[in-house]
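Chemist: Provided below for reference: sequence and predicted model.
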Amino acid sequence: MEMYVQSCGFSVDDDYRWLKVNADFQQPEIPLIMTRLILTDNRTEVRITDLIQSEAPSLVLARNDGELFLLVTGLESRERQDFRGRKIRNSVALVCQDSEENELFLRAISVAVLRGKLEGKIDSAVAFGGEYGFQVNFDQIQTLLSEDELRNINSIAAKQDYKIGKNSSELKAELADELAEYSLPLDNRILVVVTGIKKESTLMQAGVWRGLSNLLEVEGWKKPYKKRSSFDEAVKIFHQTQPEKKTINQKLNQELDILLTSSFIFLIGLLLLSVLLYQSDSPPRIEKKLLLQM
Amino acid sequence: MQELKITMLGPRGVGKTSLLTAMYEQFESTIGRTNLELSPDEESSAILQERLIELKSLLDDFEAMGGVQATEAPAGPDSLRSFKFGIGKKAQKPSLELNFCDYPGGYIAAKASLEEKQFVKELLTECTAVILTIDAPALMEDKGKWHELINRPQQMRDLFKNAYRELDSPRLVILAPVKCEKYLQDDKSKLELVQQLKKGYANLLDYFSSENLLTLVTVVVTPVQTVGSVVFSRIEFNQERPIFRFRKISHSAEYTPQDSEQPLRYLLRFMLKLHLDSRKWEFFNFLRELLGVDNYLKAAVKEFANGCKNSGEFAVLQGEKWIN
């Protein structure tokens, strides 16, 4: 599992940056998955950062090309401030191989974040110091969750409806409960987005499975904008493999079209023939004049 | 729709985002008096509204701390957002889009990556207008002792030198001192502010007045009091680094920004004039005149000009032709 932490130092030279963090080193690196374009359901591509207002407390869960990704942003530090007296924000990103065990772990972290239990723990693992103005206590940040918190995560098969709603404490709590009980869908996509200011259309176009944004003005979850069940999947595949069969109505319409077209062509042909025949019977006008004069 | 880009410029913590926020608050009232309409992008508007609340929160405590949060790019320069505003005739589709760019001040710091430095350089090259935000207390206090450290004037000059190397189109540069409430109390202190600004940016102003740039670059000075009721208080030190402290002018002081619409007025004057010039029909300009197609734009430029301050601490240092 790869871990990244974003924060900043006190001084003017130590602005926000991502550090890749492990037991041996802490060096500047942006998680690659955040710079990549990810294919969505409707064949568009989107960056994870396009779906969040990163300065606001945000959460993203994604599955992409054999990797699972968790991003948590906008966690305000309790005490650390920069040289202007501005509260410093921490962000954490985890990238790991797509497996049941890893998914369970990331869901557990997400649940803790949504329930407000991790902000302080992450903050206490980040301090001023180091080459870039802040340094991360790797041992401390590795043990964000207790054994209990991990044990309380179940893996019932994922719900297949896709829905979005307003980023409220009620819906965050509901989402936390769902993530604690249910697995994530197996789709290769950005699955969960909880953020501040982001348009509804942006989340829907990205096809997120669960989305919460401050810009939505609805009570509760909006009606699912997509629903897919295993039966529906089977039906979809079935239709894709069968030759197209026409209905009786379609057949009748087709035959009527042929009849009308043929009749039209026949009438045009008759008209042309009549004109030709008329022209061949009547002498030209000059000859007619001469005949009359004679 | 024509797009015109504007960028904020300055080191970390000088007040770039705060100034942008203060200008945003004045958008509606500044444009409202004309026959123009502003159509903000939904997210731009919501985010700047949030920043405005943060700016006003400076007044929550007597020792004004905090304010607008620092700008961050979640995944490098490509992930930075810009703030878009459509401008057009009322009840019609916008014909012009103003695209305000902001960036983390650390992008021009010593520890910035090559990609980050390159991003700012490209921003200056592409943007039609630049708002150079200046920390006034750093410029003024202790005879400008902290000016170089906080405002980095030489670095600003070098950035412009790189970006304007082969300039071939008009540009607007607004020098906007902020946090300058203390230095605008009377005429004497206003004069000192202007003198100190000219001294502190002598090399940059000298560069702008060089032969190649004098006819292309408009330079304007517009001091802004983004909060109005918070003044510089004192300097403290943290490991020999200065920390500038501010306080409210009184416990009950309220949010009273001053002149935060001035940079916007000059911007709109300049941008609309460019937009007008780009709509010319060459030989058929007389038709545009006859039909009065651009009358509403011309009237708007006039209205913005009427409200522009151009005396005392406000000055058009060069390039007046591009704003008339």
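Modeler: Great, that's in hand.
Chemist: so who does residue B:15 touch?
Modeler: Shown in contact with residue B:15 (C-beta atoms under 8 Å, 6 or more residues apart in numbering or on different chains): B:133, B:135, B:178-179, B:226. Glycine gets a C-beta too; all of them are placed from N, C-alpha and C.
Chemist: and the residues you listed as CSV, adding distance to chain A, pLDDT and neighbour count?
Modeler: Shown next, in CSV, are these (distance: C-beta to the nearest C-beta, whole Å; pLDDT from 0 to 100; neighbours: other C-beta atoms under 10 Å in any protein chain shown):
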residue, distance to chain A, pLDDT, neighbour count
B:133, 13, 97, 26
B:135, 10, 97, 24
B:178, 12, 97, 25
B:179, 11, 95, 29
B:226, 13, 93, 28
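Chemist: okay, and which of the residues you listed map to strands?
Modeler: Counted as lying in strands by DSSP state E, out of these, are B:133, B:135, B:178.
Chemist: which one of those residues sits closest to residue B:86?
Modeler: residue B:133 (24.7 Å; C-beta to C-beta).
Chemist: grab the nearest non-local neighbour of the closest one.
Modeler: residue B:10 (4.0 Å; C-beta to C-beta, 6 or more residues apart in numbering or on different chains).
Chemist: correct me, but that neighbour touches residue B:106?
Modeler: No. Using C-beta atoms under 8 Å, residue B:10 makes no contact with residue B:106, being 11.5 Å away.
Chemist: what about residue B:78, neighbour count?
Modeler: Counted with other C-beta atoms under 10 Å in any protein chain shown, residues neighbouring residue B:78 total 11.
Chemist: how near is the closest residue to it other than its chain neighbours to residue A:17?
Modeler: Leaving aside its sequence neighbours, residue B:78 sits nearest to residue A:35 (C-beta to C-beta, 6+ apart; 7.2 Å). As judged by C-beta to C-beta, to the nearest Å, residue A:35 and residue A:17 stand 14 Å apart.
Chemist: which element follows whichever strand or helix holds residue A:79 toward the C-terminus?
Modeler: Here residue A:79 is covered by strand A:67-81, with elements defined by DSSP states H and E. With elements assigned by DSSP H and E, the helix or strand that comes after strand A:67-81 is strand A:87-97.
Chemist: what lines up beside the helix or strand where residue B:245 lies in the sheet?
Modeler: Assigned by DSSP H and E, residue B:245 belongs to strand B:241-248. Applying DSSP bridges to the sheet, strand B:241-248 is found paired with strand B:230-238 (antiparallel).
Chemist: and the partner strand, how far from the chain's centre?
Modeler: On the basis of C-alpha atoms, centre = their mean, to the nearest Å, strand B:230-238 sits 24 Å off its chain's mean C-alpha point.
Chemist: any buried residues in it, and which?
Modeler: B:230-233 (16 or more other C-beta atoms under 10 Å in any protein chain shown).
Chemist: for the closest residue to chain A within chain B, what are its contacts?
Modeler: Nearest residue of chain B to chain A (C-beta to the nearest C-beta) works out as residue B:106 at 2.2 Å. Contact analysis of residue B:106 by C-beta under 8 Å, 6+ apart lists A:8, A:13-17, B:12, B:112, B:116.
Chemist: hmm, which of those residues is lowest in pLDDT?
Modeler: Lowest pLDDT among these: residue A:13, with 89.
Chemist: and it, helix, strand or coil?
Modeler: Assigned with DSSP: H, G, I helix; E, B strand; the rest coil, residue A:13 falls in the coil class.
Chemist: state the distance from the nearest residue to it once chain neighbours are set aside to residue B:152.
Modeler: With C-beta to C-beta, 6+ apart as the criterion, residue A:13 has its nearest non-adjacent residue at 4.8 Å, and that residue is residue B:109. Per C-beta to C-beta, residue B:109 is found 9 Å from residue B:152.
Chemist: for residue B:88, same thing?
Modeler: Using C-beta to C-beta, which is the criterion applied here, residue B:88 is 38 Å from residue B:152.
Chemist: over to the residue in the stretch 101-250 of chain A that chain B sits nearest to: give its phi and psi.
Modeler: Residue of the stretch 101-250 of chain A nearest chain B, by C-beta to the nearest C-beta: residue A:197 (4.5 Å). Taking degrees, to the nearest 10, you get phi -90, psi 110 for the backbone angles of residue A:197.
Chemist: and the helices in chain A?
Modeler: Assigned by DSSP state H, the helices in chain A fall at A:32-35, A:100-114, A:119-124, A:138-142, A:147-151, A:169-181, A:200-205, A:230-241, A:248-281, A:285-293.
Chemist: what about the helices in the stretch 151-300 of chain B?
Modeler: B:153-163, B:187-200, B:202-208, B:211-214, B:262-278, B:285-291, B:295-306 (DSSP state H, counting those that start in this stretch).
Chemist: so for residue B:58, which of those helices sits nearest?
Modeler: Using C-beta to C-beta, these put helix B:262-278 closest to residue B:58, at 19.7 Å.
Chemist: sorry, back to before: OK, contacts around the residue nearest to residue B:133?
Modeler: By C-beta under 8 Å, 6+ apart, the residues touching residue B:10 are B:16, B:105, B:132-135, B:151, B:156.
Chemist: just residue A:59 next, same as before
Modeler: By C-beta under 8 Å, 6+ apart, the contact list for residue A:59 reads A:70-73, A:110, A:113-114, A:192-195.
Chemist: swap in residue B:313?
Modeler: Per C-beta under 8 Å, 6+ apart, neighbours of residue B:313: B:184, B:190-191, B:193-194, B:221, B:223.
Chemist: rerun that using 10 Å as the cut-off
Modeler: By C-beta atoms under 10 Å, 6 or more residues apart in numbering or on different chains, the contact set of residue B:313 is B:177, B:180, B:183-184, B:187, B:189-194, B:197, B:221-223, B:259.
Chemist: now do residue B:155
Modeler: By C-beta under 10 Å, 6+ apart, residue B:155 lies in contact with B:11, B:108-110, B:148.
Chemist: out of these, which end up buried?
Modeler: Buried among the contacts of residue B:155 by 16+ other C-beta under 10 Å: B:11, B:108-109.
Chemist: in chain A, what residue is nearest chain B?
Modeler: The nearest approach of chain A to chain B comes at residue A:15, 2.2 Å away (C-beta to the nearest C-beta).
Chemist: secondary structure class for the residue nearest to that residue when sequence neighbours are not counted?
Modeler: Of all residues not flanking residue A:15 in the chain, residue B:106 sits nearest, at 2.2 Å (C-beta to C-beta, 6+ apart). State at residue B:106, reduced to three classes by three-state DSSP: helix.
Chemist: quickly note the distance from residue B:106 to residue B:174.
Modeler: Residue B:106 sits 22 Å away from residue B:174, going by C-beta to C-beta.
Chemist: then residue A:37?
Modeler: 36 Å.
Chemist: neighbour count winner among those two?
Modeler: Just comparing residue A:37 and residue B:174: by other C-beta under 10 Å the higher neighbour count belongs to residue B:174, 24 against 11.
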